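Engineer: Mind looking at a prediction? Sequence and model below.
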Amino acid sequence: MNIDLNKLFDDMKNGRTGGRGGSFGRGGSFGGGRQHFGQRFSQSGGPGYEPEPEREPRMPRTSPKKSLVTIIVLTLIAAAVIFYNTLPAINLKSRGFWSYLFLIALIYAVLHTIRAGSLGRPVRRVIERSEGPKRRLNLGRLLRPIPIAVIIFILPAVISFFGSSRILHAKAYSRILKVEEGSNENIPTVETADSIALMDTASAEKLGDREIGSLTNVISQYDVSDYSQINYKEAPAKTSALRYDGFIKWFKNRANGVPGYVLVNPVKMDADYVALDQGMTYVPSAYFQKNLERHIRFAYPTKMFDNLHFEIDEDGHPWYVASVYSHLIGLFGGKQVVGAILADPVTGATEYHKASDIPEWVDNAFNGTLICDQYNDYGKLSGGYINSVFGQTGCRKVTEYGGSEDSSYSDFGYIAKEGDIWIYTGITSVNSDSSNIGFILSNERTEKTYFIKCAGADEFSAMASAEGEVQEKGYRASFPSLILMDGKPTYIMVLKDNSGLVKMYAAVNVEQYNKVATAFTQDECLDKYQALMKGTITQAQATSDAGDDSSADNGGKKEDEKADTSKYKEQTITVKKMQTIDKNGNTWLYIVDSDDHIYRALYTDVIDMLLVEEGSEITIRTDGDQFILPEK
């Protein structure tokens, strides 16, 4: 019998073969099993083959406990990395610590969301209904960690508003700075110019760069960091440690450390490089565990500190000083210094001192900017917050520079007094006029503060008055210092050209700021100012340059005239000391030899002297007074 197998299997597949009750029927044994047989046959690639759609592979399920442990470990790793780089104080009064907690909670929430999506069951649940199983997102479990991060973000802000707001705690803010009534006797009386620190940071940087620039082995690997104002051996000075010029140069020199620091004399206008016997390895410009801020943080994990700066003690040993502070009002209000951390950058040793026990050689524990902010709270909020906004009766503030309240900033000068550095700044009314009602003097080591009542021009008006006397030269005045001359408060300042070089000095009377004296040297400026106030010279004479051109003893020639060098004799000397002095707009170099003989020359004529160090033996050509260098 011929059977068409193709037709037979076709009929079997479509249910058309055999009778309804027969062996090949729909209800028979053969018919009942036709689909299983047909499917197996079809799956083997036979006639009528229809491939079934492939099922998605089932993702292997991870144990919820195991995935939770993984999330916790990853969060802890992230927390360690972030802490190592940001170094927040582990202190509830630290804003950085709350930001750190919020970031860690946010990371945990993100990882939790990823975990929930990968596990499936914790995120989705099956709900049986008449129309069949359906799946629905379980947002409750998915978003469970989010409120924790939100609470960490919002809670400090709420606590800060009620616990630290100036609106609710104005009196507490006004009592942070203790201000005593002072008098003119608290202003330094300057018999000589040794205690007046007129040099600003920009001028110190130029002198320091000039000194370091002559040391080729140093300048190629390091640069100069920020300058600090200190009182060194009873005289004002500015100092700055060298710093690594990037990661590569730190890596190359990390074993030897930073080799020295720069010491600038703001009175004599000169700078010296001080080389150390042993280099400083724990410095802010180092990396990893040698980074000083990280080194201090690991030693004092709960201390909040800032104002990390370089100083030297009376023996010239280098130190870094960090001010430790707390908040006296609520979580984040009423910042006040409560101590200082001293770090030896050579050995890495650190020590903490309470504010009352800070060593006397430390000059800056209470930063001037903080003192000015605290005085503004004292001056504005003593009568309450509402009065500070509306009535403003008796409200006062430190003098500020700038056109609007948002863009203005306070500035202050330095005074070396009683072995410490004091800041001073004028006090004016909140109406921002151009007059002062007095001054404050504040000790940067102890924060002892005096208010001295003295009506007169503010510092910026005095600076403008001095600049007006030399407007044809285009010189700019630096922020002045305050001294007492013949019982009268006086501003004294330097005038600089566009390149930042000190060219002249000016003295301005506080009460009568149209009384101005200018000169090319500080001593002469003070002499002319005293004569002006006594009435022995006129205002025109006090600002005239005529008396500043001194004559040499060589036939009445002026000092800045070039002498005839044809008769100069060659001479070898040992340089004992070098000093630059600005006169008549020119810079002169004075050198002292081992026999204490003084020679002078225009700096531009002996520019190669930049390469000469004190103690060097050099050959010069001189007439016994002025000198030049022999031609090469």
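Structural biologist: Nice, I can see it.

Engineer: domains for this protein, by residue range?
Structural biologist: 5-43, 64-164, 166-194+366-457, 197-364, 469-548, 569-628 (automatic domain parsing).

Engineer: Which among those domains is found nearest to Met463?
Structural biologist: The closest of the domains of the chain to Met463 is domain 469-548. By CB to CB, the value is 4.0 Å. (Glycine included, C-beta is placed from N, CA and C.)

Engineer: what about Gly615, distance to Gln541?
Structural biologist: Taking CB to CB, to the nearest Å as the measure, Gly615 and Gln541 are separated by 43 Å.

Engineer: Among those two, which residue is more densely surrounded?
Structural biologist: Gln541 (14 against 10; other CB atoms under 10 Å).

Engineer: Name the residues that touch whichever strand or helix holds the more buried one?
Structural biologist: Under the criterion DSSP states H and E, the helix or strand holding Gln541 is helix 539-542. When contacts are defined by CB atoms under 8 Å, 6 or more residues apart in numbering, helix 539-542 is touched by residues Asn514, Lys515, Val516, Ala517, Thr518, Lys528, Tyr529, Ala531, Leu532, Gly547.

Engineer: Now do the host helix or strand of Gln336: which elements does it pack against?
Structural biologist: Assigned by DSSP H and E, Gln336 falls within strand 333-343. Helices and strands in packing contact with strand 333-343 are listed as helix 146-164, helix 170-174, helix 292-299, strand 318-329, strand 350-354, helix 368-381; criterion 3 or more CB pairs under 8 Å, 6 or more residues apart in numbering; DSSP states H and E.

Engineer: repeat that with 7 Å
Structural biologist: Strand 333-343 makes packing contacts with helix 292-299, strand 318-329, strand 350-354 when contacts are defined by 3 or more CB pairs under 7 Å, 6 or more residues apart in numbering; DSSP states H and E.

Engineer: so which of these is the most packed in?
Structural biologist: Per-stretch averages of neighbours, counted by mean count of other CB atoms under 10 Å, single out strand 318-329 among the helices and strands packed on strand 333-343, with a mean of 21.

Engineer: tilt between that strand and strand 333-343?
Structural biologist: Relative orientation of strand 318-329 and strand 333-343, computed by axes from the mean of the first three to the mean of the last three CA atoms, to 10 degrees: 160 degrees.

Engineer: Which helix runs longest in this protein?
Structural biologist: Once the chain is assigned using DSSP state H, the helix that runs over the most residues is helix 95-119.

Engineer: mind listing what's buried in it?
Structural biologist: Of the residues in helix 95-119, those buried by neighbour count under the rule 16 or more other CB atoms under 10 Å are 95, 97-109, 111-113, 115-116, 119.

Engineer: could you give the mean pLDDT of that helix?
Structural biologist: The predicted model gives helix 95-119 an average pLDDT of 83.

Engineer: Alpha carbons only: can I get stretch 316-323 in PDB?
Structural biologist: Output for stretch 316-323, consisting of C-alpha atoms alone and laid out as PDB, is shown next (Å, rounded to 0.1, in the frame of the first residue of the first chain):
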ATOM      1  CA  GLY A 316      64.300  80.500  63.100                       C
ATOM      2  CA  HIS A 317      62.900  77.000  63.300                       C
ATOM      3  CA  PRO A 318      60.000  76.400  60.900                       C
ATOM      4  CA  TRP A 319      56.400  75.600  62.100                       C
ATOM      5  CA  TYR A 320      53.000  75.400  60.600                       C
ATOM      6  CA  VAL A 321      50.200  76.800  62.700                       C
ATOM      7  CA  ALA A 322      46.500  75.900  62.300                       C
ATOM      8  CA  SER A 323      43.700  77.700  64.200                       C
END
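
Engineer: Can you give the distance of it from its chain's centre?
Structural biologist: 16 Å (CA atoms, centre = their mean, to the nearest Å).

Engineer: all numbers from here: first residue = 15
Structural biologist: Done: numbering now begins at 15, and the last item shifts to stretch 330-337.

Engineer: How about the contacts made by the most centrally placed residue in the chain?
Structural biologist: Per CA atoms, centre = their mean, the C-alpha nearest to the average position across the chain is that of Asn321, at 7.9 Å. Residues in contact with Asn321, defined by CB atoms under 7 Å, 6 or more residues apart in numbering, are Ala336, Ser337, Asn381.

Engineer: What residues of the strand or helix carrying it count as buried?
Structural biologist: Secondary structure here is read from DSSP H and E; on that basis Asn321 sits in strand 318-326. Of the residues in strand 318-326, those buried under the neighbour-count criterion (16+ other CB under 10 Å) are Met318, Phe319, Asn321, Leu322, His323, Phe324, Glu325, Ile326.

Engineer: Now for the residues you listed: which two are most distant?
Structural biologist: When the buried residues of strand 318-326 are compared pair by pair using CB to CB, the farthest-apart members prove to be Met318 and Ile326, with a separation of 25.5 Å.

Engineer: Throw the buried residues of strand 318-326 into JSON lines and include distance to Asn445, thanks.
Structural biologist: Putting the buried residues of strand 318-326 into JSON lines (distance: CB to CB, whole Å) gives the following:
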{"residue": "Met318", "distance to Asn445": "36"}
{"residue": "Phe319", "distance to Asn445": "37"}
{"residue": "Asn321", "distance to Asn445": "32"}
{"residue": "Leu322", "distance to Asn445": "37"}
{"residue": "His323", "distance to Asn445": "35"}
{"residue": "Phe324", "distance to Asn445": "40"}
{"residue": "Glu325", "distance to Asn445": "39"}
{"residue": "Ile326", "distance to Asn445": "43"}
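
Engineer: Export those as CSV, with columns for distance to Asn245 and pLDDT.
Structural biologist: Compiled in CSV, the buried residues of strand 318-326 are given as follows (distance: CB to CB, whole Å; pLDDT from 0 to 100):
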residue, distance to Asn245, pLDDT
Met318, 27, 98
Phe319, 22, 98
Asn321, 17, 97
Leu322, 19, 98
His323, 14, 97
Phe324, 14, 98
Glu325, 10, 98
Ile326, 11, 97
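
Engineer: List just the nearest of these to Asp472.
Structural biologist: Using CB to CB, Asn321 is the member of the buried residues of strand 318-326 that lies nearest Asp472, at 26.4 Å.

Engineer: I would like the C-alpha coordinates for the strand holding Gln350, written out in PDB, please.
Structural biologist: Coordinates of each C-alpha in strand 347-357 appear next as PDB, following Å, rounded to 0.1, in the frame of the first residue of the first chain:
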ATOM      1  CA  GLY A 347      26.900  79.900  64.300                       C
ATOM      2  CA  GLY A 348      29.300  82.000  66.200                       C
ATOM      3  CA  LYS A 349      32.700  80.800  64.900                       C
ATOM      4  CA  GLN A 350      35.500  81.300  67.500                       C
ATOM      5  CA  VAL A 351      39.100  80.100  67.900                       C
ATOM      6  CA  VAL A 352      39.500  77.800  70.800                       C
ATOM      7  CA  GLY A 353      43.100  76.700  70.300                       C
ATOM      8  CA  ALA A 354      45.900  76.100  67.900                       C
ATOM      9  CA  ILE A 355      47.700  73.100  66.400                       C
ATOM     10  CA  LEU A 356      51.500  73.500  65.900                       C
ATOM     11  CA  ALA A 357      53.100  71.100  63.400                       C
END
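
Engineer: could you check the angle helix 306-313 makes with it?
Structural biologist: Here strand 347-357 points in a direction 100 degrees away from that of helix 306-313 (the same axes, to 10 degrees).

Engineer: Now strand 347-357: buried residues?
Structural biologist: For strand 347-357, a neighbour-count test (16+ other CB under 10 Å) marks Gly347, Gly348, Lys349, Gln350, Val351, Gly353, Ala354, Ile355, Leu356, Ala357 as buried.

Engineer: mind putting those residues in a markdown table, pLDDT included?
Structural biologist: Listed next are these as a markdown table, based on pLDDT from 0 to 100:
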| residue | pLDDT |
| --- | --- |
| Gly347 | 94 |
| Gly348 | 96 |
| Lys349 | 97 |
| Gln350 | 97 |
| Val351 | 98 |
| Gly353 | 98 |
| Ala354 | 98 |
| Ile355 | 98 |
| Leu356 | 98 |
| Ala357 | 98 |
